[in-house]
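Peer 1: Build me a model from this:
(one chain, ligands or ions: 2)
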Amino acid sequence: MSAPRRLWRHDEPSIRNYAVALLSPALALGIARWPDVHLESAPVSLFLCAVMFSAWLGGVGPGLLATALSAAGFAYYFVDPVLSLAVAAEEMPRFIIFVLAAALVGSLSAAQRSSMQSLRKAEEALRENQAELAHVTRVLTMGELAASIAHEVNQPLAGVVINGNACLRWLAGESPNLTEAREAAERIIRDGTRASEIISRVRALARKTGTLAERVDLNQAIQEVLALCAGEARKRGVVLRTQLPGDLPPVRGDRVLIQQVVLNLVMNGIEAMSNVQHRPHELMIRAQGEAHEVRVTVQDSGIGLDPQTLERIFDALYTTKPGGMGMGLSISRTIVENHGGRLSVVAHDGPGATFEFTLPTHS
Ligand SMILES: Nc1ncnc2c1ncn2[C@@H]1O[C@H](COP(=O)(O)OP(=O)(O)OP(=O)(O)O)[C@@H](O)[C@H]1O
Ligand SMILES: [Mg+2]
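Peer 2: Residues are numbered from 1 along each chain as shown. Ligands and ions are numbered 1, 2, ... in the order given. The predicted structure is shown next:
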């Protein structure tokens, strides 16, 4: 759509550039032949200026035209025989040197112009790339946000379905068990509420609007997560153990998000032990208060981490599991770092893997 405009824009300067290439040698000639300025014996510098200016403004074509016109003017008016385009044999070196000098000056100016143009084009391309990159980053952020939400609400949604089915079962038959049905309905409400809380917290996390800085009792938060995972652990034959000191200082942060970190680490641990035989399936969760932070470690006796996997586990979408999204650890790291803490893998004796994160204490 913009092609005709570009053509018009391109044509006008090139006409102007050739006009300048015509006029500037003529002007140089006029000044050189003007008796009052006494330049008849030194016209070369004026012609070179004309060539340089034409080539700088218009590039190779106008530069060549100005060179040719200057050479003609120089031969006609300043080289014997004067008032003729012929060049006497003894004047030939002077004329050739003039033409070579004009060609050199013209080509240097044209080269400078073309490098300036490339620079300008490169700057334009850079600006365009930057705009595109900003767009891609926005799209990626949206994709990651969707993936994070999908990952984190998966578990409470599964809970809603399981409890919904249980509720229907308790209500069926001749004598429905209303107490159990009510409890199942309450669990549905709990899981549904949790899912909606998670969505709003993960969105806030992606918008970087700052996470909540409430006082969180980590022991209680961890126990709640373990209650959520108890069914899954039982199903896979995993025993969940804890070492949670009663005097653990409270931490500062967003309870729902901190629980997501614990949940992701615990689920990874449980999954890592699924296919391991001849070893007890034990997952140990420890918390420990330190000077200004609390350290939580989650240790499993699962398949462990080989060096290649270790390098990539925190990358978004990296997974070695058939049904995995590869989001758990990347979200967890973002959450912990937004809280001013660190999440890492720690070396330990024996089989399995140990993950550890810290959170600042609430003062
Ligand atoms: N405790 C662990 N033991 C061994 N490998 C682990 C452990 N935790 C994580 N990993 C490795 O790190 C990878 C990334 O983990 P992450 O939690 O980010 O994604 P995922 O568990 O594969 O999928 P999901 O998005 O469902 O959590 C896993 O696929 C696994 O290879
Ligand atoms: Mg995971």
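Peer 1: Phi and psi next, for Thr354.
Peer 2: phi -130, psi 130 (degrees, to the nearest 10).
Peer 1: unless I'm mixing things up, it is touching Thr297, no?
Peer 2: Yes. Using CB atoms under 8 Å as the test, Thr354 is close enough to Thr297 to be in contact (5.7 Å). C-betas here are computed from N, CA, C, even on glycine.
Peer 1: who has more neighbours, these two?
Peer 2: Thr354 (21 against 17; other CB atoms under 10 Å).
Peer 1: Tell me which residues touch that one, please.
Peer 2: Counting by CB atoms under 8 Å, 6 or more residues apart in numbering, Thr354 touches Thr297, Val298, Gln299, Asp300, Val345, Val346, Ala347, His348.
Peer 1: Tell me which of those fall in strands.
Peer 2: When DSSP state E is applied, these are split such that Thr297, Val298, Gln299, Val345, Val346 fall in strands.
Peer 1: Now which of the residues you listed would you call buried?
Peer 2: Neighbour-count burial (16 or more other CB atoms under 10 Å) applied to the ones in strands among the contacts of Thr354 gives Thr297, Val298, Gln299.
Peer 1: how about TSV for these, with distance to Arg312 added?
Peer 2: Putting these into TSV (distance: CB to CB, whole Å) gives the following:
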residue	distance to Arg312
Thr297	22
Val298	19
Gln299	21
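Peer 1: and which of those residues is nearest to Leu22?
Peer 2: Distance to Leu22, by CB to CB, is smallest for Val298 among these, at 81.8 Å.
Peer 1: Now the closest one. Nearest residue, chain neighbours left out?
Peer 2: Of all residues not flanking Val298 in the chain, Leu265 sits nearest, at 4.2 Å (CB to CB, 6 or more residues apart in numbering).
Peer 1: Report the secondary structure element holding that neighbour.
Peer 2: Secondary structure assigned from DSSP states H and E places Leu265 in helix 255-273.
Peer 1: Run the chain-centre distance for that helix.
Peer 2: Distance of helix 255-273 from its chain centroid, counting by CA atoms, centre = their mean, to the nearest Å, is 27 Å.
Peer 1: could you give me the average pLDDT of that helix?
Peer 2: Mean per-residue pLDDT for helix 255-273: 94.
Peer 1: helices or strands up against it?
Peer 2: When contacts are defined as 3 or more CB pairs under 8 Å, 6 or more residues apart in numbering; DSSP states H and E, helix 255-273 packs onto helix 92-171, helix 178-207, strand 214-216, helix 218-235, strand 282-289, strand 293-299, helix 328-338, strand 354-360.
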